[in-house]
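>>> next come a sequence and a model predicted from it.
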Amino acid sequence: MERPLVSPPLIIAHRGVPTYRLEHTRASYELAIEWGADFIEPDVVCTSDGHLVVRHENEISETTDVALHPEFAGRRTTKLVDAIARTGWFTEDFTLEELQTLRTVERLPQLRPRNIALAEPIVTLEEVLDIAEAADRRVGVYVETKHPGYFADLDLDLDDRVLAALERRGLNRADADVPVMIQSFETRNLRGLRPRTPLPLIQLIDRKGAPWDFMEAQDPRTYADLTTPEALAEIATYADGIGPNKSLVVGRRKGHWLTGETGLVAAAHAVGLQVHVWTMRDENNFLPADFKLGEDLSAHGDALAEYRVFLEAGVDGFFADDTSTAREALRRMAEDLAGESVS
C-alpha cells in the first residue's frame with residue numbers, strides 16, 4: 001500500500017445513484033445523499049434561453065422521451081459536437097420551459113432494467129444546488145462542464161453561467177456551506193476559470209483521444225500526454241486535481257485483466273494534485289475480468305474487490321455509480337487498517 005488511509009477518499013455520486021435511479025434526477029441525487037455521498041455530480045449543458053440543465057450530453061434522445069413528442073419532431077437534426085457528428089435533439093435548441101415537458105429515461109436499459117419503468121423531470125443546476133443545500137449534513141456539488149468550447153462558440157458560455165449561479169448563492173468561495181468543485185475534459189476553460197474562482201478545479205483525463213481544445217488548435221498532444229510528470233506539473237499551475245479514467249491508474253491488458261499500478265497517482269501527488277478516478281460501477285459489464293461474477297453483464301460482480309485495488313493505489317476520490325458500495329468499501333478498508341494497527 002502506498003499510503004495509509006489518513007482521510008477516506010471522497011465518494012462522488014456519479015450522476016447520483018444511476019444503478020438504482022435514473023441518472024441526473026432529483027431522486028438519484030437524494031438517494032446518493034441518503035447513502036452517504038460526499039459530493040453529488042451534475043453534468044451541465046445549456047438551453048437556448050441560457051439556463052443550465054443537467055444531462056449526460058446535450059444530445060438527449062437516449063436520456064429523455066423527446067422522440068415521443070410530435071411537437072418537437074422537426075427539431076431532430078445532425079450537428080458536429082467536438083468534431084463528432086451526432087444526430088438527435090439538442091438542449092441548445094430548446095427553452096427551459098420546453099425541456100421541462102420531457103421526462104428522463106434509462107440510458108442503459110439492457111444493464112439496468114429495474115430503471116426502465118422510472119420517469120423523472122429534467123433538473124437544472126440551480127435545483128441540484130438546492131438539493132445539496134437541503135441536506136442534513138455538508139454535501140458538495142461536483143460540476144462537470146460538458147463541451148464548454150462548443151457552447152462558448154454558440155454564445156452560451158457554460159463557465160460564465162456556472163460562476164453566476166454560484167455567485168448568486170455565495171458559493172464561489174472556498175469556505176462555502178456547499179463545497180463546489182468544477183471539472184472538465186478540456187484544458188482551456190479550466191485555465192480561464194483559474195483566475196475567476198478559488199474553487200478546486202479538476203482536469204479530466206480519458207484513456208484515449210485528446211481534449212477538444214487541443215484538437216481545435218491542431219495541438220498534437222493527447223490525453224496520454226497529460227499523464228507525464230512534466231504535464232502534471234503544468235496541470236498543477238491551473239488545477240487542483242486530475243480525474244483520470246481508472247485504467248490510467250491501474251492498467252489493463254487484453255481481456256480487461258488488471259496489470260497493476262501505473263505510477264500515475266504517485267506522480268500526481270508529487271506535484272500536489274489530487275486523483276479522483278472514474279467510474280466505479282458494480283455491473284459485470286464495467287468490471288475488470290478479475291472481478292466479474294458469472295456471464296450476465298447486468299449482474300453485479302465483486303465491485304468491492306475493485307475498490308480495494310484503487311484504495312491501495314492511494315486515490316483521493318471515486319466517481320461511483322453506487323454510493324452504498326463505495327461507502328462499504330471504505331468501511332471495510334478502515335476496519336482492516338484498524339485491525340493492523342492493533343496487531
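The structure has been received and is ready for your questions.
>>> what does the host helix or strand of residue 267 contact?
Using DSSP states H and E, residue 267 maps to helix 264-270. The contact list for helix 264-270 (CB atoms under 8 Å, 6 or more residues apart in numbering) reads 2, 227, 229, 232, 241-242, 244, 248-249, 274-275, 313-315. To be clear about C-beta, it is placed using only N, CA and C from the backbone, and glycine gets the same treatment.
>>> ok, so of those, who is nearest residue 42?
Set against residue 42, the nearest of the contacts of helix 264-270 by CB to CB is residue 241 (18.0 Å).
>>> against residue 215, how distant is that closest one?
In this view, residue 241 and residue 215 are 23 Å apart by CB to CB, to the nearest Å.
>>> neighbour count for those two, which is higher?
A direct count of neighbours by other CB atoms under 10 Å for residue 241 and residue 215 places residue 241 higher, at 22 against 17.
>>> might one say that that one is in contact with residue 200?
Yes: using CB atoms under 8 Å, residue 241 is in contact with residue 200, at 6.5 Å.
>>> what sits in contact with each of the two?
What both residue 241 and residue 200 touch, as defined by CB under 8 Å, 6+ apart, is the set residue 274.
>>> still on that earlier bit, most neighbours among the contacts of helix 264-270, which one?
When neighbours are counted by other CB under 10 Å, residue 242 leads those with 28 neighbours.
>>> show me what it is bridged to.
Counting by DSSP bridges, residue 242 forms beta bridges with residue 203, residue 275.
>>> least trustworthy helix or strand in the protein by mean pLDDT?
Least confident helix or strand, the chain: helix 323-342 with a mean of 87, by mean pLDDT, DSSP states H and E.
>>> which elements pack onto that one?
Packing partners of helix 323-342 (3 or more CB pairs under 8 Å, 6 or more residues apart in numbering; DSSP states H and E): strand 10-14, helix 303-313.
>>> next one: the closest residue to residue 57 other than its chain neighbours relative to residue 55, how far apart?
Spatially, and ignoring its direct neighbours in sequence, residue 57 is nearest to residue 146 (6.6 Å; CB to CB, 6 or more residues apart in numbering). Distance of residue 146 to residue 55, given as CB to CB: 8 Å.
>>> next: residue 150.
Using CB to CB, residue 150 is found at 14 Å from residue 55.
>>> kindly report the same for residue 148.
Counting by CB to CB - residue 148 and residue 55 are separated by 15 Å.
>>> please apply the same query to residue 174.
Going from residue 174 to residue 55 by CB to CB gives 28 Å.
>>> for residue 87, same thing?
On the measure of CB to CB, residue 87 and residue 55 end up 16 Å apart.
>>> show me which of these two is the more surrounded one.
Comparing residue 87 with residue 55 by other CB under 10 Å, the one with more neighbours is residue 55, at 24 against 11.
>>> contacting residues around the more buried one?
Neighbouring residues of residue 55 by CB under 8 Å, 6+ apart: 24, 43, 45, 63-64, 91, 122, 146.
>>> go through those and name the one nearest residue 16.
Among these, and counting by CB to CB, the member closest to residue 16 is residue 24, at 6.5 Å.
>>> which SS class is that closest one?
The three-state label given to residue 24 by DSSP: H, G, I helix; E, B strand; the rest coil is coil.
>>> what about the strands in the stretch 101-250 of the chain?
140-145, 180-184, 201-205, 241-244, 250-253 (DSSP state E, counting those that start in this stretch).
>>> reformat those strands as TSV; add mean pLDDT.
Converted to TSV, those look like this (pLDDT from 0 to 100):
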stretch	mean pLDDT
strand 140-145	98
strand 180-184	98
strand 201-205	98
strand 241-244	98
strand 250-253	97
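>>> of the contacts of residue 55, just say which sits nearest to residue 335.
Residue 335 lies nearest to residue 24 out of the contacts of residue 55, by CB to CB, at 33.1 Å.
>>> re the thing from before, residue 81 is nearest to which of the strands of the stretch 101-250 of the chain?
Among the strands of the stretch 101-250 of the chain, strand 140-145 comes nearest to residue 81, with 13.8 Å by CB to CB.
>>> elements contacting the closest one?
Strand 140-145 is packed against strand 39-41, strand 43-46, helix 125-133, helix 158-168, strand 180-184, with contacts defined by 3+ CB pairs under 8 Å, 6+ apart.
>>> output those as JSON lines; include the columns distance to residue 141 and mean neighbour count.
Below are the helices and strands packed on strand 140-145 laid out as JSON lines (distance: least, CB to CB, whole Å; neighbours: other CB atoms under 10 Å):
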{"stretch": "strand 39-41", "distance to residue 141": "6", "mean neighbour count": "27"}
{"stretch": "strand 43-46", "distance to residue 141": "10", "mean neighbour count": "25"}
{"stretch": "helix 125-133", "distance to residue 141": "5", "mean neighbour count": "19"}
{"stretch": "helix 158-168", "distance to residue 141": "9", "mean neighbour count": "18"}
{"stretch": "strand 180-184", "distance to residue 141": "5", "mean neighbour count": "25"}
